[in-house]
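Novice: this one's sequence-less:
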């Protein structure tokens, strides 16, 4: 496995007027040479992403998907805002170039940023890497994540980016609503989890920039060195609880290997990948924490949230407007995610929780 991003011809349901885009970029993007070769990044489940290659430069364009969308979803303008705010911080992000809110140009709102060369690893087990490389990549991911949560979000201009209080409660309500709006086959485990979360919220507020989808597959690793050089896919970013965000990053420890993102049953030390306890200890050390309280709750929340997101992916796949040709297959696992979330609850009840 090389870790190279997969570029394919623009998918039929995501084609747009390339000539209109070229005309717009010639007028609004300084240095743009024109006549870009446009290909689509394969694998994304949400906002379609495209590689634009001119004679001497490469850019990346992200836009809203076509079709009828759920309210507040696919907010590329929010992605653009947080990427721009983090420029110059300790968090590595691509340089933003422009935001176009005029749907008349290519049919949907979009933004353009610099292309950052490097490797993207979809498989968290990092096949093809050495033990030392795996350890270094995971340590770099942990370091970048801690730096993100330590950013003074008010100082970088994100004071109105999200509400710092009651984040988890609002997210549970939001994703419950989104899940129900997706109109997918009923899942009893999801219904139980949706009821359990608001009844067990510890109600302890903290505020940081929450990426919302921080995982290895959304990071660019240096072409030859084991370090993170860019964080991608900020669609779900907001001001939120850092431990809820961290739990999402640690979901792999609770997922079976068969999901393609799970570590359960894997001998991680033999691979050079930190255990969950080691990863959390490194995060605590870097952020000045003693511990991560109410971890089971935040893990259940993270699993519930991804289940709701995948239900939306499944619906878009059924409707034919997903960013990935395999959306129906991938989105259908929302039920399995809900079952895993309920198993964490059951295990915590059996042991008294943590």
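Specialist: Yep, it's here. None of the values given here were measured: they were computed from a predicted structure.

Novice: Show me the shaky parts of this protein.
Specialist: For the chain, the stretches flagged by pLDDT under 70 are 1-4, 43-45, 67-74, 259-260, 321-331, 350-354.

Novice: OK, contacts around the spatially most central residue of it?
Specialist: With distances taken as Cα atoms, centre = their mean, residue 213 lies nearest the centre of the chain, 2.4 Å away. Residues near residue 213 by Cβ atoms under 8 Å, 6 or more residues apart in numbering: 233, 235-236, 248. Quick note: C-beta positions are derived from backbone N, CA and C, even for glycine.

Novice: can you tell me which two in the residues you listed are farthest apart?
Specialist: Using Cβ to Cβ, the contacts of residue 213 span at most 13.5 Å, a distance reached by 235 and 248.

Novice: which residues do these two both contact?
Specialist: 212-213.

Novice: hmm, who's touching stretch 248-268?
Specialist: Counting by Cβ under 8 Å, 6+ apart, 122-125, 145, 212-215, 273-276, 279-280, 299, 302-303, 305-306, 333, 336, 340, 344 sit against stretch 248-268.

Novice: Recalculate using a threshold of 6 Å.
Specialist: Contacting residues not belonging to stretch 248-268 are listed as 124, 214, 275-276, 302 [Cβ atoms under 6 Å, 6 or more residues apart in numbering].

Novice: Which among those residues count as buried?
Specialist: Using 16 or more other Cβ atoms under 10 Å as the burial test, the contacts of stretch 248-268 include 124, 214, 302 as buried.

Novice: coming back round to it: biggest separation within the contacts of stretch 248-268, which pair?
Specialist: 214 and 275 (18.5 Å).

Novice: what's residue 197 in contact with, if anything?
Specialist: Counting by Cβ under 6 Å, 6+ apart, residue 197 has contacts residue 172.

Novice: likewise the one 4 residues further on?
Specialist: Counting by Cβ under 6 Å, 6+ apart, residue 201 touches 168-169.

Novice: cool, and residue 342?
Specialist: By Cβ under 6 Å, 6+ apart, residue 342 lies in contact with 189, 192-193.

Novice: quick one: which of the residues you listed is most hemmed in?
Specialist: The most crowded member of the contacts of residue 342, judged by other Cβ atoms under 10 Å, is residue 193 (26 neighbours).

Novice: before we move on, what SS does that residue have?
Specialist: Here residue 193 is recorded as helix under DSSP: H, G, I helix; E, B strand; the rest coil.

Novice: need the helices for this structure, in chain order.
Specialist: In the chain, the helices defined using DSSP state H lie at 18-28, 76-86, 131-150, 167-182, 188-200, 242-249, 268-271, 276-287, 295-319, 327-331, 334-351.

Novice: how far out from the middle of the chain is the fifth one?
Specialist: Helix 188-200 has its average C-alpha position 23 Å from the chain's average C-alpha position, going by Cα atoms, centre = their mean, to the nearest Å.

Novice: and if you look at the shortest one?
Specialist: A distance of 25 Å separates the C-alpha centroid of helix 268-271 from that of its chain, computed with Cα atoms, centre = their mean.

Novice: Could you do the third one as well?
Specialist: Averaging C-alpha coordinates over helix 131-150 and over its chain gives two centres that are 16 Å apart (Cα atoms, centre = their mean).

Novice: buried sites along it?
Specialist: For helix 131-150, by 16+ other Cβ under 10 Å, it's 134-150.

Novice: do the longest one as well
Specialist: Within helix 295-319, the residues scored as buried using 16+ other Cβ under 10 Å are 295-318.

Novice: Equivalent analysis for the shortest one, please.
Specialist: Along helix 268-271, these residues count as buried under the neighbour rule (16+ other Cβ under 10 Å): 268, 271.
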